[in-house]
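Trainee: I would like to see how this sequence folds:
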Amino acid sequence: MKKAINRIPKFKNEDEEREFWATHSPLDYFDAKKLKRASFPKLKPSLKSISIRLPEDMLAELKILANKKDVPYQSLAKMYLARQIALERGFINSSQ
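Mentor: Predicted coordinates for the structure are as follows:
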């Protein structure tokens, strides 16, 4: 059974469009077969500065490791955080 795809109406203004989408599902208005992969090569992730307190010896060790890898210590900390988050969420295998 094929699901009918509805046509999105023309809206007079944003308020009318907002009201429409508050009561309708976008899933009823697109055909998954017509989707195309999008590429955004110049899109950069938004960054948020944070402050984190670390024991001095941990920071010193991080800086030593970063120096050995020839990367800034903050970049290395981000790589470690990203890896641990991916491990916790099951996106990568712990043996990698």
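Trainee: Phi, psi for residue 77 please.
Mentor: Backbone geometry at residue 77, expressed as degrees, to the nearest 10, gives phi -60, psi -40.
Trainee: check contacts around it.
Mentor: residue 62 (Cβ atoms under 8 Å, 6 or more residues apart in numbering). Just so you know, the C-beta spots here come from the backbone N, C-alpha and C atoms, and that holds for glycine as well.
Trainee: 6 Å instead, please
Mentor: Going by Cβ atoms under 6 Å, 6 or more residues apart in numbering, residue 77 touches no other residue.
Trainee: Over to residue 21?
Mentor: If you count contacts by Cβ under 6 Å, 6+ apart, then residue 21 has nothing around it.
Trainee: Which stretches in this protein count as helices?
Mentor: When secondary structure is read from DSSP state H, the chain shows helices at 14-23, 56-69, 73-89.
Trainee: And the ones you listed: which comes nearest residue 32?
Mentor: helix 14-23 (18.9 Å; Cβ to Cβ).
Trainee: for the record, mean pLDDT for the closest one?
Mentor: In this model, helix 14-23 has an average pLDDT of 94.
Trainee: do stretch 37-56 as well
Mentor: Stretch 37-56 shows an average pLDDT of 89 in the prediction.
Trainee: what about it, start to end distance?
Mentor: 46 Å (Cα to Cα, to the nearest Å).
Trainee: Do I have it right that residue 5 meets residue 31?
Mentor: Yes - at 5.0 Å, residue 5 and residue 31 qualify as touching, with contact defined as Cβ atoms under 6 Å.
Trainee: Compare the two (neighbour count), which wins?
Mentor: Shown here are residue 5 and residue 31; by other Cβ atoms under 10 Å, residue 5 has more neighbours (13 against 8).
Trainee: tell me the contacts of that one?
Mentor: residue 31.
Trainee: same thing but at 7 Å, please
Mentor: Contact analysis of residue 5 by Cβ atoms under 7 Å, 6 or more residues apart in numbering lists 29, 31.
Trainee: distance of it from residue 75?
Mentor: To residue 75, residue 5 is 46 Å away according to Cβ to Cβ, to the nearest Å.
Trainee: Residue 63 too?
Mentor: 12 Å.
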